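**Student:** sequence and predicted model, in that order:
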Amino acid sequence: MGEILTLEQVTAGYGETHVLEEMSLSVAPGERLAVIGRNGVGKTTTLATMMGLTRLHAGAVRLHGEDISRLPPHKRQARGLGLVPQTRDIFRSLSVEENLLAGQSGRGGWGLEQAYALFPRLRERRRNGGGQLSGGEQQMLAIARTLMGKPEVILLDEPLEGLAPVICETLMDVFERLAAEGRTIVLVEQHADLALRFADRVVILDTGRIVHEGPAVGVLADPAILDRHVGVGLAG
Ligand SMILES: Nc1ncnc2c1ncn2[C@@H]1O[C@H](COP(=O)(O)OP(=O)(O)OP(=O)(O)O)[C@@H](O)[C@H]1O
């Protein structure tokens, strides 16, 4: 089978609550998948379920065909999954450099030089505390810290949220580079226009289910799909 990451008939949520209902979704190696949908429909929960941060009530999560449903997040990380959480979760009292080193994996992950080459701004700020960074710099740090673990599949949860347009462009360029290097990227994003221009394929969620799945160009060509399922048009 050609898929790198698969959700198979997954029902998942928090405690007894079901958020995702019988969701099946496959991601191919090197693919750029956008996940969009209204607030609260389960986009974060989808990424969290891939990473092992929710309760799986039924179904399976597979990585390279292997059932990883029972593995805790750190073991999934060691096998090549990397999540950049919406909350960024950087250590505010540690320096930029210390934050990056905290993301290093034992299995030949990135060194600091690779992180600084991708984000020169972080090199300039390397002695600063995480809490002293701007929102954009914190997001760069959250992304770079995840990359220190050298993930094959990068799960990005609303990385552009609250950031100035110029920072969004910088980050989108970085995602382009990471994808061009062959990494698989799953991007959850409220900026549907940017997500669709980046992605090969898009899934649209509504109340824990996939209501549309297909090539991103198909949605760009027919924005009525977005209007119907997300209630927004395309900007620009
Ligand atoms: N830790 C949690 N415990 C219980 N319920 C949760 C938890 N996190 C999210 N939920 C609920 O799960 C549902 C889906 O939330 P989720 O965050 O996955 O949606 P989302 O599409 O990512 O939304 P947003 O765009 O607002 O981030 C919501 O009803 C939310 O209240």
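**Tutor:** Looks like it came in fine.
**Student:** who touches the helix or strand containing Q114?
**Tutor:** Under the criterion of DSSP states H and E, Q114 resides in helix 112-118. Taking contacts as C-beta atoms under 8 Å, 6 or more residues apart in numbering, the residues outside helix 112-118 that touch it are E97, L100, L101, L122, R123, R126, A144, R145, L147, M148, V174, R177. No exception for glycine: its C-beta is placed from N, CA and C like everyone else's.
**Student:** mind listing what's buried in it?
**Tutor:** For helix 112-118, the neighbour count (16 or more other C-beta atoms under 10 Å) marks L112, A115, Y116, L118 as buried.
**Student:** quick one: contacts for the residue nearest the centre of the chain?
**Tutor:** For the chain, the residue nearest the mean C-alpha position is L156 (1.8 Å; C-alpha atoms, centre = their mean). Residues in contact with L156, defined by C-beta under 8 Å, 6+ apart, are V84, I143, F175, I185, V186, L187, V188, E189.
**Student:** per-residue confidence at it?
**Tutor:** You'll see L156 listed with a pLDDT of 98.
**Student:** is whichever helix or strand it is part of anywhere near the ligand?
**Tutor:** Element membership for L156 (DSSP H and E) is strand 153-157. No: with C-beta under 6 Å from any ligand atom as the criterion, the ligand is not reached by strand 153-157; the gap is at least 7.4 Å.
**Student:** you'd agree H212 is in a strand?
**Tutor:** Yes: assessed with DSSP: H, G, I helix; E, B strand; the rest coil, H212 lies in a strand.
**Student:** give me the three-state assignment for the residue with the largest distance to the centre of the chain.
**Tutor:** In the chain, counting by C-alpha atoms, centre = their mean, R127 sits farthest out from the average C-alpha position, at 27.0 Å. Using three-state DSSP, the structure places R127 in coil.
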